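Engineer: just a sequence and a predicted model for now, questions to come.
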Amino acid sequence: RFREKESEKETRSTTLQLNCNLSRILETMKLLLASLMAASAAAFAPSSFQAASKTALSETTADLESLAGKLNPIVKFYDPLGLSDRNFWGTSDEASIGWLRESEVKHGRIAMFAFVGYIVHANGITFPWPMTLAGDPFPKVSSAPEAWDAIPDGGKLQIMAFVGFLEFWSEANRGTHYMKGGKVGDFPDFDSKYIPGGALNLYDPFGWHKSRTEEEKANGLLKEINNGRLAMLGIFGFLSEGAVEGSVPALKGVIPHYSGEVMAPFTKSILPSF
């Protein structure tokens with residue numbers, strides 16, 4: 001009996017020690033995860049700005065008003081939400097306006113790709129080669145968003161990873177950040193040490209801009225902004241008519257109905273199960 005009691009004590013002591021060690025491990029893991037998350041957030045968060053910056057910032061509300069008059073002499077400056085007067089992340093007005101301008105150019109470019117891509121898929125135009133290594137062809141659909149639903153999860157993740165890489169490269173390799181007076185809409189060239197091939201440089205793959213004057217480049221950016229705004233309206237018109245028939249009278253009967261969730265791209269995927 002004495003040995004049994006001693007054995008029970010040892011068992012309880014061992015169990016208690018294991019529980020303590022497990023608790024310590026869990027606490028360590030929590031701290032590690034928190035540190036990693038904080039580091040990741042700090043890596044992608046905008047840098048803090050001091051009140052007196054050595055870099056000359058050129059983005060002001062007055063610049064926006066002047067730019068608006070060049071983009072649309074009829075509407076001119078229009079900011080109903082007052083975004084140009086807000087300071088994001090505790091930065092300056094100029095830094096916040098730089099971020100807004102870069103966002104508009106970026107979303108305009110994406111919308112132009114989306115607008116053309118919608119028309120291409122809606123007309124059943126696909127690449128001639130297989131979509132997957134297994135030999136599956138690219139989907140031919142009547143409603144363009146259905147093409148996205150038909151892409152395997154692996155393909156969707158590759159697309160997201162590629163876009164994420166472009167975003168990382170753009171933010172990490174700018175000479176002067178657009179929130180610190182850098183050029184809006186400029187995509188830094190890829191370093192030939194890591195990614196060979198000048199044609200991969202997205203901002204100017206064919207070198208057309210090298211011989212253009214600064215005035216010509218500025219006029220080109222104005223055209224790009226207007227085209228991007230029009231493309232954003234166009235792609236949302238397509239998506240709206242597909243989701244709610246008759247919501248865009250001009251597109252009624254042209255855009256087929258889409259029963260999926262255009263604002264939830266991973267609905268038809270294994271990902272939501274996680």
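Structural biologist: Yes, it's here. Numbering: from 1, shown residues only.
Engineer: going by C-alpha atoms from here, please, whenever you check contacts or count neighbours.
Structural biologist: OK.
Engineer: may I have the secondary structure class of the nearest residue to P130 once chain neighbours are set aside?
Structural biologist: What sits nearest to P130 in space, not counting adjacent residues and going by CA to CA, 6 or more residues apart in numbering, is P137, at 4.5 Å. Counting by DSSP: H, G, I helix; E, B strand; the rest coil, the backbone at P137 sits in coil.
Engineer: show the backbone phi and psi for P137.
Structural biologist: phi -80, psi 160 (degrees, to the nearest 10).
Engineer: ok now do it, which residues does it touch?
Structural biologist: 129-131 (CA atoms under 8 Å, 6 or more residues apart in numbering).
Engineer: for the closest residue to I235 other than its chain neighbours, give me its contacts.
Structural biologist: Distances taken as CA to CA, 6+ apart place F115 nearest to I235, at 5.2 Å, with adjacent residues excluded. Residues in contact with F115 (CA under 8 Å, 6+ apart) are 231-232, 234-235.
Engineer: please apply the same query to A95.
Structural biologist: Applying CA under 8 Å, 6+ apart to A95 gives the contacts 57, 59, 87, 178-181.
Engineer: thinking again about what came up before, tell me how far the residue nearest to I235 lies from F77.
Structural biologist: 26 Å (CA to CA, to the nearest Å).
Engineer: do K106 as well
Structural biologist: For K106, the distance to F77 - CA to CA - is 20 Å.
Engineer: and I255, by the same measure?
Structural biologist: Counting by CA to CA, the separation of I255 from F77 is 33 Å.
Engineer: again, but for M131
Structural biologist: Computed as CA to CA, the M131 to F77 distance reads 45 Å.
Engineer: and if you look at D85?
Structural biologist: The value you get for D85 to F77, if CA to CA is used, is 13 Å.
Engineer: mind saving the C-alpha coords of stretch 140-148 as PDB?
Structural biologist: C-alpha atoms of stretch 140-148 as PDB (Å, rounded to 0.1, in the frame of the first residue of the first chain):
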ATOM      1  CA  LYS A 140     -16.000  28.400 -71.800                       C
ATOM      2  CA  VAL A 141     -19.000  30.100 -70.100                       C
ATOM      3  CA  SER A 142     -21.700  32.500 -71.000                       C
ATOM      4  CA  SER A 143     -21.300  34.500 -67.700                       C
ATOM      5  CA  ALA A 144     -17.800  35.600 -67.200                       C
ATOM      6  CA  PRO A 145     -17.800  35.200 -63.300                       C
ATOM      7  CA  GLU A 146     -18.500  31.500 -63.800                       C
ATOM      8  CA  ALA A 147     -15.000  31.200 -65.300                       C
ATOM      9  CA  TRP A 148     -13.500  32.100 -62.000                       C
END
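Engineer: next, the buried residues of it.
Structural biologist: The neighbour-count check on stretch 140-148 (16 or more other CA atoms under 10 Å) flags 140-148 as buried.
Engineer: swap in stretch 115-124?
Structural biologist: 115, 118, 121-122.
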